[in-house]
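Attaching a predicted model along with its sequence, questions to come.
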Amino acid sequence: MKKIFIFLILTIQLMAVVVHKPVLTLNKDSSIATINIDRIDLGLSGFIVQKISKSHTTILKNAVVIDFDEEKKIATLKLTKFTEGVNSALPTGDWSVKIGDMAILGIGYSRALLIAPEEDIYYRISKNIKVQWLHPDIFTAILSLNGHPTPLKEDFDDMVKSSSIGIIFIYINQKLYTIDAKSFVILNISDAPLKQKKIMLPFYSRVKEIEANWWGEGSDKINNYESYYLKLLKKYNSKNENLEIKDEK
């Protein structure tokens with residue numbers, strides 16, 4: 001067991017290194033950019049920032065790694081509109097992404113949420129991974145606000161915007177899935193054979209009941225913890241041929 005947790009800690013430490021690389025190329029509509037880097041994981045997310053003065057920079061776009069050419073050492077980034085932290089009271093500028101602007105990836109990976117089926121597993125994992133944890137009670141508050149006893153991808157998105165976490169861990173059937181919180185792409189799968197005594201739905205938290213909408217997606221309760229979260233991960237990782245995710249009946 002000790003070796004398992006040592007491996008998990010080393011994995012997080014490796015991912016905690018924030019990438020700073022200048023934009024190498026840019027397509028016409030500024031939706032695709034490239035950077036030069038020796039190694040990078042698909043799904044790694046972050047921002048494109050531009051220096052607007054000697055002491056100030058501004059975030060221009062969200063960025064996610066969608067491809068990596070190992071021979072050329074070139075990573076391709078998909079750029080989308082940045083909406084987090086936008087405040088109408090703050091000044092804005094007519095800035096667009098340019099070659100030489102900085103891609104900052106992996107930022108926020110020191111803050112994480114853990115989805116676990118029970119309290120004992122939650123505490124055994126959270127005590128052995130050295131990050132700043134967002135307690136699952138906060139996520140259940142978001143679910144109650146949205147009326148979703150079943151967590152949807154948009155619920156995770158709302159949590160990311162409000163809490164600025166970078167990583168989501170989901171424990172499923174003796175494996176720990178490490179997920180980029182923005183892209184929802186699986187970055188790592190670690191064996192974690194912990195003894196599971198019971199299952200709390202939709203996951204471990206101290207909140208006993210989540211307010212539900214009358215109807216609509218997410219308003220029903222989860223029936224099977226393993227099956228639901230595996231299907232949710234498969235939905236956003238279907239093109240990753242290296243993943244071996246099997247449905248739990």
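Happy to help now that I have it. Here the structure is a predicted model, which means the values were calculated and not measured.

ok, now which ones touch residue 113?
Neighbouring residues of residue 113 by CB atoms under 8 Å, 6 or more residues apart in numbering: 133-134, 136, 139, 159, 163, 165, 167-169, 181. Every residue, glycine included, has its C-beta placed from N, CA and C.

what about the longest strand in the protein?
Identified as the longest strand of the chain according to DSSP state E is strand 57-69.

how about whichever helix or strand comes after that strand: buried residues?
Once the chain leaves strand 57-69, the next helix or strand it forms, by DSSP states H and E, is strand 74-81. For strand 74-81, the neighbour count (16 or more other CB atoms under 10 Å) marks 74-79 as buried.

just to revisit the earlier point, name only those of the contacts of residue 113 that count as buried.
133-134, 136, 139, 159, 165, 167-169, 181.

In helices only, show me those residues.
Using DSSP state H, the members of the buried ones among the contacts of residue 113 that fall in helices are 136, 139, 159.

Helices of the chain, residue ranges please.
Under the criterion DSSP H, the chain contains helices at 2-15, 119-126, 136-146, 153-163, 225-235.

Would you mind giving the ones you listed as TSV with mean pLDDT added?
Rendered in TSV, the data for the helices of the chain read as follows (pLDDT from 0 to 100):
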stretch	mean pLDDT
helix 2-15	50
helix 119-126	94
helix 136-146	95
helix 153-163	92
helix 225-235	94
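
Format those helices as JSON lines; extra columns: distance to residue 109.
Listed next are the helices of the chain as JSON lines, based on distance: least, CB to CB, whole Å:
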{"stretch": "helix 2-15", "distance to residue 109": "6"}
{"stretch": "helix 119-126", "distance to residue 109": "15"}
{"stretch": "helix 136-146", "distance to residue 109": "18"}
{"stretch": "helix 153-163", "distance to residue 109": "12"}
{"stretch": "helix 225-235", "distance to residue 109": "19"}
